[in-house]
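Colleague: need coordinates for the following:
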Amino acid sequence: MKNQTTITSVLLMSLSDDQKIIYVLFTVFLFMYLMTFLTNFLIILLVVTCAHLHTPMYFFLGNLAFLDMSYSSVTAPRILFDLRTQDWSISFPECIIQMFFVIYFGSSEVYLLSSMSYDRYIAICHPLHYSQVMSWGMCTQMVSLAWSSAFLAPIIYTLCLRRLTFCGPNFIQNIFCDLPHLLKLSCTDISINLLVFFIVGGFLGTAAFVTTFYPYVRIFSTVLKIRTRDGKRKAFSTCTSHLTVVFTFYASITFIYFVPNKSNLLTLNQVATVIYALITPLLNPLIYSLRSKDLKAALQKALHIH
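Modeller: Numbering: from 1, shown residues only. The predicted model follows:
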């Protein structure tokens, strides 16, 4: 069936009807977005300019910082605009574009976190071969694959939307456009779209999940064989930041996309959505900055703090 879209705009879910709460949310979200942009940009600047940070781990971290800046810029400005104007409507084409990039940057982060897991695995389990395995050529290929392969899912999902007719209602129970909520707006059969969604998402998601967590199974088994307590502590300290980021990311995704939007869970779902869209991109640089002595030293040197 050809696409015969009859709705021209989509109404997003309002976070509150109380003017005072809206003002507070706008102020808090604006501060969070500016801090997200500033902290991630600072990490990129330090990774690029500081010679001692020219290592695979910080190369991946710099890419993660750029990804977080990009992802937050897809969702946060629109949320701030809606809070400021209290007009929660968005044009249908703009909604499709936002959905595309939400999926793209989310997929990119999944694949990049997987690459970072492999980096930690080689560093801890095969330290003598680290420089040989994690060469700059290898790191560049891994990052390029993460950024390019992330286009696959959003392109497939967007093309599949062309077979649907959208005739309302036009209300989305979310603060930004994403695929599951968009499918609910269709007045035609979405069984094929759901099948494609579960096949593509299931395959890519499972592959990314396994390649992210399996290296840590190997890491834990290696660390447990270390006899000294100090040795175990040092080994675990090299991957706690990454593990924290991974668990925060996967926990928010799980709650948003796999927990039903029942009335008694709606508030929690809203919280998880805000964490995924605004808080996670801000937490990532803070987590790595607090745990990394090299990054803190580079920041202190840049700010001339002794």
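Colleague: which stretches in the stretch 51-200 of the chain count as strands?
Modeller: Secondary structure of the stretch 51-200 of the chain, counting by DSSP state E, counting those that start in this stretch: strands at 89-91, 171-172.
Colleague: out of the ones you listed, deepest packed?
Modeller: strand 171-172 (a mean of 18; mean count of other Cβ atoms under 10 Å). Any C-beta I mention is one placed from the backbone N, CA and C, and that applies to glycine too.
Colleague: neighbouring strands - and their directions - for it?
Modeller: Applying DSSP bridges to the sheet, strand 171-172 is found paired with strand 9-12 (parallel).
Colleague: kindly export the partner strand (C-alpha atoms) in CSV.
Modeller: The C-alpha trace of strand 9-12 is given here as CSV (Å, rounded to 0.1, in the frame of the first residue of the first chain):
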residue,chain,number,x,y,z
SER,A,9,1.6,16.8,12.9
VAL,A,10,2.2,14.8,16.0
LEU,A,11,1.3,15.8,19.6
LEU,A,12,4.0,14.8,22.1
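Colleague: what comes up buried for that strand?
Modeller: Within strand 9-12, the residues that qualify as buried are 10, 12, counting by 16 or more other Cβ atoms under 10 Å.
Colleague: buried sites along the following helix or strand past that strand?
Modeller: The element immediately downstream of strand 9-12 (helix or strand, assigned by DSSP states H and E) is helix 19-49. Applying a neighbour-count criterion of 16+ other Cβ under 10 Å, one finds 22, 25-26, 29-30, 32-33, 36-37, 39-40, 42-44, 46-47 buried in helix 19-49.
Colleague: now for this structure, the helix or strand with the poorest mean pLDDT.
Modeller: Comparing helices and strands within the chain by mean pLDDT, DSSP states H and E singles out helix 266-274 as the least confident, with a mean of 68.
Colleague: buried set for the next helix or strand after that one?
Modeller: From helix 266-274 onward toward the C-terminus, using DSSP H and E, the following helix or strand is helix 280-291. In terms of neighbour count (16+ other Cβ under 10 Å), helix 280-291 has its buried residues at 280-285, 287-289, 291.
Colleague: and for stretch 120-127?
Modeller: Buried residues in stretch 120-127, counted by 16+ other Cβ under 10 Å: 120-125.
Colleague: so what touches it?
Modeller: Residues outside stretch 120-127 that contact it (Cβ atoms under 8 Å, 6 or more residues apart in numbering): 57, 129-130, 133-134, 215-216, 218-219, 222-223, 235, 238-239, 242.
Colleague: of those, select the buried ones using a ChimeraX command.
Modeller: Buried residues within the contacts of stretch 120-127, by 16+ other Cβ under 10 Å, are selected in ChimeraX with:
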select :57,130,134,215,216,219,223,235,238,239,242
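Colleague: what's the most distant pair in the contacts of stretch 120-127?
Modeller: The most widely separated members of the contacts of stretch 120-127 are His129 and His242, with 20.0 Å between them, by Cβ to Cβ.
Colleague: point out where the stretch 151-300 of the chain drops to low pLDDT.
Modeller: Counting by pLDDT under 70, the stretch 151-300 of the chain contains low-confidence residues at 257-269, 290.
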